[in-house]
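Trainee: Just to be clear, the model below is a prediction. Sequence and coordinates:
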Amino acid sequence: MIESTTLRYFYEVAAFGSVRVAAEKLFVAQSAVSRQIALLEDELGVPVFERHARGMALTAAGELLLRYAQDNKTQLADLKGQIHEYETLAKGHVRVGCVEGILHGLLTSFMPSFIRTHPGITFSLDLMGSHAVGESVAEHKYDLGILFGASPRPDLIELQKIEQPLCVIASTQHPLAQQRSCTLAEVADAPLALPDRSFGLRQLVDRVSSKGKFKLNIAVETNSLSFASRLVAESDLITFQPSDVVAPLIEAGKVVAIPLTDASLRSARATLVASYSRRLSLAANHLSQSLIAYMQGWQRPVKPGRATAARTPARGKPE
């Protein structure tokens, strides 16, 4: 294999017809240039220059090598241009694992603008529970993950957090609908539609009930937050979710969101994570930086007894 340094020396000698001039242009000793040309001819098995008193002239083999060197130089320039294009236009594919609540809330608000401003980036967005998100990102099956709660593993890095306080979600006709706030224990006897234990928010609710030594009256268990929220809109069941997950139902006047005042439920959060041991691609890095900025400006205030409609962040628009 011909080394790039050897080709560069050959190219300069061919351009000037002189080892001395080539050495001056390359800021190296003449002997270094002569040695590289000798190594090149030895590797090819044929002379590439004819030596004359007035300089160096290419042989037929040297003419072929010069065309190769020129093509090589052009290809390298093209490669640099393509790399620069990837850096500036951010092309590539990004895989994201995400809990359902964030997909329906934050990401549906964030993605349209990001897609418009980064047309070269494509995505795979897969729904799963928090434990599966953490595991999949740690195993490099996904570039980024968004899970409920803190990172469950030491081999994940937390890039950004947003508050996701849990609320009682109930029909506007439910007896609880007029309450301004409540604790988990105060609604423990009400029939519940809850996500299964693969969900981080379910694990958090279970910890609070276990610590308080009371049981929850679970009537329906599901792996879909959307199903649970739509079910409570049409029944006397209640569920526990962040208010922005059910923002469309709130806007439609079908449900209310009643803040839970238990400390750990009030301070619940969602977290953007990546693997400590994996360097993000340019595309994934563009996404993560834009999403971090967007999450920093994400606000979804909840009025007592009723959640407000969804609103865009005050700052941190996708870049």
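Mentor: Received, thanks.
Trainee: Helix or strand: which one has residue 168?
Mentor: strand 166-171 (DSSP states H and E).
Trainee: ditto for residue 201
Mentor: Short version: residue 201 belongs to helix 200-212, going by DSSP H and E.
Trainee: ok, now residue 64?
Mentor: Residue-wise, residue 64 maps onto helix 60-89 under DSSP H and E.
Trainee: any idea of the mean pLDDT for that helix?
Mentor: Helix 60-89 shows a mean pLDDT of 76.
Trainee: Now do the strands for the stretch 101-250 of the chain: every range, in order, please.
Mentor: 121-127, 144-148, 156-163, 166-171, 192-195, 218-222, 239-242 (DSSP state E, counting those that start in this stretch).
Trainee: what would those look like in TSV with distance to residue 75?
Mentor: Using the backbone N, CA and C atoms, a C-beta is placed for each residue, glycine as well. Output for the strands of the stretch 101-250 of the chain, formatted as TSV (distance: least, C-beta to C-beta, whole Å):
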stretch	distance to residue 75
strand 121-127	26
strand 144-148	33
strand 156-163	37
strand 166-171	57
strand 192-195	54
strand 218-222	56
strand 239-242	52
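Trainee: Out of the ones you listed, which is closest to residue 249?
Mentor: strand 166-171 (8.0 Å; C-beta to C-beta).
Trainee: And the closest one, what does it pack against?
Mentor: helix 200-212, helix 225-233, strand 239-242, strand 255-259 (3 or more C-beta pairs under 8 Å, 6 or more residues apart in numbering; DSSP states H and E).
Trainee: can we see that at 6 Å?
Mentor: Strand 166-171 sits against helix 225-233, strand 239-242, strand 255-259, with contacts defined as 3 or more C-beta pairs under 6 Å, 6 or more residues apart in numbering; DSSP states H and E.
Trainee: Export the ones you listed as CSV, with columns for mean pLDDT, mean neighbour count and distance to residue 271.
Mentor: Shown next, in CSV, are the helices and strands packed on strand 166-171 (pLDDT from 0 to 100; neighbours: other C-beta atoms under 10 Å; distance: least, C-beta to C-beta, whole Å):
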stretch, mean pLDDT, mean neighbour count, distance to residue 271
helix 225-233, 93, 21, 17
strand 239-242, 94, 27, 13
strand 255-259, 96, 27, 21
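Trainee: Let me have these in CSV, extended by distance to residue 273.
Mentor: Below are the helices and strands packed on strand 166-171 laid out as CSV (distance: least, C-beta to C-beta, whole Å):
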stretch, distance to residue 273
helix 225-233, 20
strand 239-242, 18
strand 255-259, 26
